[in-house]
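Chemist: Pasting the sequence and the predicted coordinates here, then a few questions.
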There are 2 protein chains.
Amino acid sequence: MNPYQAPLADMKFLLERVFDAPTTWESIPALAEAVDMDTAAAIMDEANKIARDLIHPINRNGDEQGVRHQGDKVITPDGYKAVYDQYAEGGWVGLCGEPELGGMGMPKMLGVLVDEMAYSACNAFTLYGSLTAGAALCINAHGTDALKQKYLPNLYSGQWAGAMDMTEPQAGSDLRNIRTKAVPQEDGSYLISGSKIFITGGDHDLTENVIHLVLAKLPDSNGISLFLVPKINVDDNGELAETNGVTVGSIEHKMGLKGSATCVMNFDDAKGYLIGKPNRGLVCMFTMMNYERLAIGIQGLGTSQAAYQMAADYAKERTQGVAAGGSPTGALSDPILVHGDVRRMLLNIRCYTEAGRALSVYTGQQLDLAKYGDGEVKSKASRYVGLLTPVAKAFLSDRGLDAAIMAQQVFGGHGYIRETGIEQLVRDTRIAQIYEGTNGIQAIDFLGRKTTGDNVAALTEFVTEHQHTLATLESISDEQKAQISSRFEALLRVANSVNDNKLAQPALINACAVDFLDAFGHLVYGYFWVLMADRASNHEDAQFAATKQHLAQFYLAKLLPKVDYHLAQVSAGDATIMTMDESLF
Amino acid sequence: MNPYQAPLADMKFLLERVFDAPTTWESIPALAEAVDMDTAAAIMDEANKIARDLIHPINRNGDEQGVRHQGDKVITPDGYKAVYDQYAEGGWVGLCGEPELGGMGMPKMLGVLVDEMAYSACNAFTLYGSLTAGAALCINAHGTDALKQKYLPNLYSGQWAGAMDMTEPQAGSDLRNIRTKAVPQEDGSYLISGSKIFITGGDHDLTENVIHLVLAKLPDSNGISLFLVPKINVDDNGELAETNGVTVGSIEHKMGLKGSATCVMNFDDAKGYLIGKPNRGLVCMFTMMNYERLAIGIQGLGTSQAAYQMAADYAKERTQGVAAGGSPTGALSDPILVHGDVRRMLLNIRCYTEAGRALSVYTGQQLDLAKYGDGEVKSKASRYVGLLTPVAKAFLSDRGLDAAIMAQQVFGGHGYIRETGIEQLVRDTRIAQIYEGTNGIQAIDFLGRKTTGDNVAALTEFVTEHQHTLATLESISDEQKAQISSRFEALLRVANSVNDNKLAQPALINACAVDFLDAFGHLVYGYFWVLMADRASNHEDAQFAATKQHLAQFYLAKLLPKVDYHLAQVSAGDATIMTMDESLF
């Protein structure tokens, strides 16, 4: 039921009219050669078919059947392997990979939209490819040429998969405490020993090899280094050789994402290869983490879109009660979409989802400029990527859960029944707020490192630029502009106040970070809404234009005011949070 | 892990000092005879043992094993039957039932606390007894003496169970559309035929009989009547006789509450007995519904308390990172309770939970006064029960889900693992926002019927009384009082404005009801917090007093301001919600 259909018109609108992708792409030789709007549109059309016709059909059974651990094998649900093969053959895993090593060289700005479609279709399945692409990105950024040549082509092609091995039982959010050891060998390799938990795609039957990126400590060092550790060794000809000391201890029983193999991984003198410099593993891992953090935000976004479609379809079909003031058609029962509370929920989901997609595409654009751009273009984009990554991860995944829960509410009692499928979205997307750094940690990164870490320089730059753009929007009223611009000013005031007090009140950032991120997220979504309303104002499809105007008005009236609440919370400080003695909890 | 322990000191504090239960009980002859604070304390101590040592141990396995439908039998998880027998033998099902028919005659003000303990221990198990008590309440209020004599003793004793059969596939929120038929027989009974879905405790192996309260239509009538339909007929001596035409079609596969049997029930010429007057079934059913609505709110409250205990325990044990500004003990890793964001989440859960318990006890007190009181005491209490029931159902269950999700966040990745148990709370409590009337419907009842239905009379009466009490609180500063009282005034202004516009804007109530209920809930919790802080100010346990002051300060600084956001949303009206054309969704 509820077959997924990508919102292609909205996606193309964002690329072409809101963020002017063609101009960005033409400005970058590597992208100008690879992509234009026609190519991008064709890729999106094809991705929609893959998501809708291949991936979505395996979603429900994957949840019911789950992953099984039999003997030393991890077996994915029926259909996963066949779909993965087609997905890999289509080149989707390497969509944004380097062309000289077999990737398709597409911009991330397009990649985020393809990722969203896949996550909408099936959270659990999509993680396998996402982790693989992230591992490839990290190897490409920090690996030696030899490692790149040996591993990247088979990762981009989807023939092998990737995994990220960080967490240990005593070392989760705080990786300083990892105990996995790496002992250098005479041939330049290392022997890795230790145990990792919560390893997404740690092992499975989709690919013949899994390439682990493992955090471990060198002898007599407290620094953390990063190692490439294949499940099966690869010989000098690039062929699979003997198995490595990499085994699955068990698979986790989880709330959701049951088609995704979450493994306890044991490394027992497993051969590994250093990635990047010794003791600089976290820096390298962060290349992958930042990529994964955006991807996990997009998991939330994809969930939101799927939730919206299911709930909107249901609200149009399900009849119950009549409209306040009488049925518009004189029927005894109207579709529940006539009810204000149902509309409120749907508009809520939709406004967050469409603005979230704008955040996703904008962040993708900054990633492209940071990767391919030159000079100040590159460095400014890098600052914006730093600023926006924690927001995209946390705000998109928080809104993803909200969307799934609200959509479930639209379904009433049927929403609690497994067969309906909406409760699976709640369970699947819940993890996105937790893994790859909890959303609390994202918020602390945003307020502590990204905002006050440079004394509010990057945030001021970002706000100033967007205040400028806001002033140029011709179809937006001064009153609507003022709703955004006055809040941008308030945001900077509060950020500067936190910055001024951060030394005197060391707990301030940790205690107020979530509210600050929520304020920024709600505000930047408001900015995106007026931008979208403006860019749609001359759209040739009058209904499309009208829809964007309606949604922007709803957002500004109903959701933007949350900025004020969250900023007031930051201003209220940490006193009531920190003073209660530990024993009283 | 995380054995449940009822917050007995907080519970006794609410009864004795905040709401002065002894005075209420002494004022009512039937209660003065049955209970005083010593008896109540002894009952709570015993209930805590039952919840902690009997009910909680079957919670996790019940979720894993679920209910099974084998042949014509519905089999509850291992342990349910044995625990239910002990629970029933202890008289807990009939705790607030009529003493002359075997109930214990205890006040609801105490009953809500016992209910909370049981829901904290296990949501799914507790529903069986809760539905039974609700059915007994309805039969007692509307049944003939013969029906009461025949059915109530075995319901109070827990020997038989109760169920409420309302929903049909085409008739959920809108019961006008039910199709189940009742055909009168010469002996005064009826033959009931039809199919009902989502029937909690529709059948199971805990008791030898299940007494259904079934909504059905008489021939040639569109009115709805209520019938008592036993699974097994009961002869004139009160003995079980031949089976009735009542069968289980299937059991639902749900997101959670897996130990609770949610059944499709088929009635095929089943013998039934009219409860109340013909075509007045909804009125009778609302007696049970109102009871169940409070109970379902308490399901959310019990979940909140369990979630808090688990998360607080974990936050004290789990070490990760060090405190901002350096470890207070010089350790390399501190308990995560040192982190502001973790404290923020725990304080959030705790403040909502303790104020929620105050709402629960206060509502229980009004139920007792409405049942046992005289004259104006009785009628005022009835008005307050009407006003507070939808709030208790919706606001307590909404906060229950929030609490479970926030507690899960405190657990990080471990919160997503089934064995930890916190994700079960999320799944189990999610339904509380949906069943017994969705929380949207509760809000529409609150704003439409209870607030503007009498032109804001009951709400004005409620606010006026509590503004008075607020003014008398000696230990509360004028500034804190003003934070509450100014918002009470704003609430009435907004309520009167909706009342003035309700005819001109027929969609206004439906579209803005949830925000109005949320505003009221946050405000009345703020009132309860200053009341609790005041009543605790001279508590002999200085730590107890200090905790309440801390929590009240946190609530007023961090959560009370949400009132302003929600009231502004109501004031923003329904325009942006209702104008978008259906085709654009």
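Modeler: In hand now; what should we look at? All of these numbers come straight from a predicted model, not from anything done at the bench.

Chemist: if I pick the closest residue to chain B within the stretch 101-250 of chain A, what's in contact with it?
Modeler: Ranking the residues of the stretch 101-250 of chain A by distance to chain B (CB to the nearest CB) places A:Asp174 first, at 4.5 Å. In short, each C-beta sits where N, CA and C put it, glycine included. Contacts for A:Asp174 were tallied using CB atoms under 8 Å, 6 or more residues apart in numbering or on different chains; they are B:Gln320, B:Gly321, B:Ser333.

Chemist: For these, which PyMOL command selects only the ones that are buried?
Modeler: Remark: buried members of these, expressed as a PyMOL selection using 16 or more other CB atoms under 10 Å in any protein chain shown:
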select buried, chain B and resi 320+321+333
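
Chemist: Can you narrow the contacts of A:Asp174 down to the ones near chain A?
Modeler: Under the cut-off given by CB under 8 Å from any CB of the partner chain, chain A has B:Gln320, B:Gly321, B:Ser333 from the contacts of A:Asp174 close to it.

Chemist: how close does the residue of chain A most remote from its centre get to B:Gln366?
Modeler: When distances are taken from the C-alpha mean of chain A, A:Gly330 lies farthest, 45.4 Å away, according to CA atoms, centre = their mean. When distance is defined by CB to CB, to the nearest Å, A:Gly330 is 42 Å away from B:Gln366.

Chemist: ok, now A:Pro328?
Modeler: Distance from A:Pro328 to B:Gln366, by CB to CB: 40 Å.

Chemist: neighbour-wise, which of the two wins?
Modeler: B:Gln366 (23 against 11; other CB atoms under 10 Å in any protein chain shown).

Chemist: returning to that earlier point: switch the ones next to chain A among the contacts of A:Asp174 over to a markdown table; also include distance to A:Ile405.
Modeler: Formatted as a markdown table, these follow (distance: CB to CB, whole Å):
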| residue | distance to A:Ile405 |
| --- | --- |
| B:Gln320 | 28 |
| B:Gly321 | 30 |
| B:Ser333 | 34 |
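
Chemist: So which of these are in strands?
Modeler: Counting by DSSP state E, those place none of their members in strands.

Chemist: what comes into contact with stretch A:489-506?
Modeler: A:447, A:451-452, A:455-456, A:459-460, A:463, A:508-509, A:512, A:516, A:519-520, A:523, A:563-564, A:567, A:570-571, A:573-574, B:324-326.

Chemist: now stretch A:436-446, how far from the centre of its chain.
Modeler: The chain centre lies 13 Å from the centre of stretch A:436-446; the measure is CA atoms, centre = their mean, to the nearest Å.

Chemist: Next: stretch A:538-552.
Modeler: 27 Å.

Chemist: those strands in chain A, which residues are they?
Modeler: Secondary structure of chain A (DSSP E): strands at A:68-70, A:73-75, A:160-165, A:181-184, A:190-200, A:209-216, A:225-230, A:232-234, A:240-243, A:246-251, A:262-275.

Chemist: now the helices: where do they sit in the stretch 351-500 of chain A?
Modeler: A:375-410, A:422-430, A:439-444, A:457-472, A:478-501 (DSSP state H, counting those that start in this stretch).

Chemist: Name the residues of the fourth one that are buried.
Modeler: Spelled out, it's helix A:457-472. Under the neighbour-count criterion of 16+ other CB under 10 Å, helix A:457-472 has A:Ala458, A:Leu459, A:Phe462, A:Val463, A:His466, A:Gln467, A:Leu470 buried.

Chemist: show me the contacts for A:Tyr384.
Modeler: Here A:Tyr384 is in contact with A:Thr363, A:Gln366, A:Ala370, A:Ala458, A:Phe462 (criterion: CB under 8 Å, 6+ apart).

Chemist: next one: A:Ala572
Modeler: For A:Ala572, the contact set (CB under 8 Å, 6+ apart) comprises B:Ala557, B:Lys558.

Chemist: Got the phi and psi for it?
Modeler: phi -70, psi -10 (degrees, to the nearest 10).

Chemist: circling back: same list (the helices of the stretch 351-500 of chain A) but as a markdown table, adding distance to A:Leu347.
Modeler: Listed next are the helices of the stretch 351-500 of chain A as a markdown table, based on distance: least, CB to CB, whole Å:
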| stretch | distance to A:Leu347 |
| --- | --- |
| helix A:375-410 | 10 |
| helix A:422-430 | 18 |
| helix A:439-444 | 24 |
| helix A:457-472 | 23 |
| helix A:478-501 | 17 |
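
Chemist: Let me have those helices in a markdown table, adding mean pLDDT as columns.
Modeler: What follows is the helices of the stretch 351-500 of chain A, written out as a markdown table (pLDDT from 0 to 100):
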| stretch | mean pLDDT |
| --- | --- |
| helix A:375-410 | 97 |
| helix A:422-430 | 98 |
| helix A:439-444 | 98 |
| helix A:457-472 | 98 |
| helix A:478-501 | 98 |
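
Chemist: Can you check which of those helices gets nearest to A:Ile251?
Modeler: Within the helices of the stretch 351-500 of chain A, the stretch nearest A:Ile251 is helix A:422-430; the backing value is 16.4 Å (CB to CB).

Chemist: So which bits of the stretch 201-350 of chain A are right by chain B?
Modeler: Counting by CB under 8 Å from any CB, the residues of the stretch 201-350 of chain A that sit close to chain B are A:252-256, A:312, A:315-316, A:320-321, A:323-326, A:332-333, A:335, A:337-347, A:350.

Chemist: how far does stretch A:177-186 sit from the chain's center?
Modeler: How far stretch A:177-186 lies from its chain's middle: 31 Å, per CA atoms, centre = their mean.

Chemist: Mean confidence (pLDDT) on that stretch, please.
Modeler: Here stretch A:177-186 scores 97 as its mean pLDDT.

Chemist: and for that stretch, what are the contacting residues?
Modeler: Here stretch A:177-186 has contacts from A:166, A:168, A:170-171, A:190-196, A:214-219, A:224-225, A:227, A:267, A:271-272, A:274, B:332-333, using CB under 8 Å, 6+ apart.

Chemist: and with 7 Å instead?
Modeler: For stretch A:177-186, the surrounding residues in contact (CB atoms under 7 Å, 6 or more residues apart in numbering or on different chains) are A:168, A:170-171, A:190-194, A:196, A:214-219, A:224-225, A:227, A:267, A:272, B:333.

Chemist: What's the PyMOL syntax to select whichever of those residues are buried?
Modeler: To isolate the buried members of the contacts of stretch A:177-186 in PyMOL, using 16+ other CB under 10 Å:
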select buried, (chain A and resi 168+171+190+191+192+193+194+196+214+215+216+217+218+224+225+227+267+272) or (chain B and resi 333)
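
Chemist: Right, I'll call it a day here.
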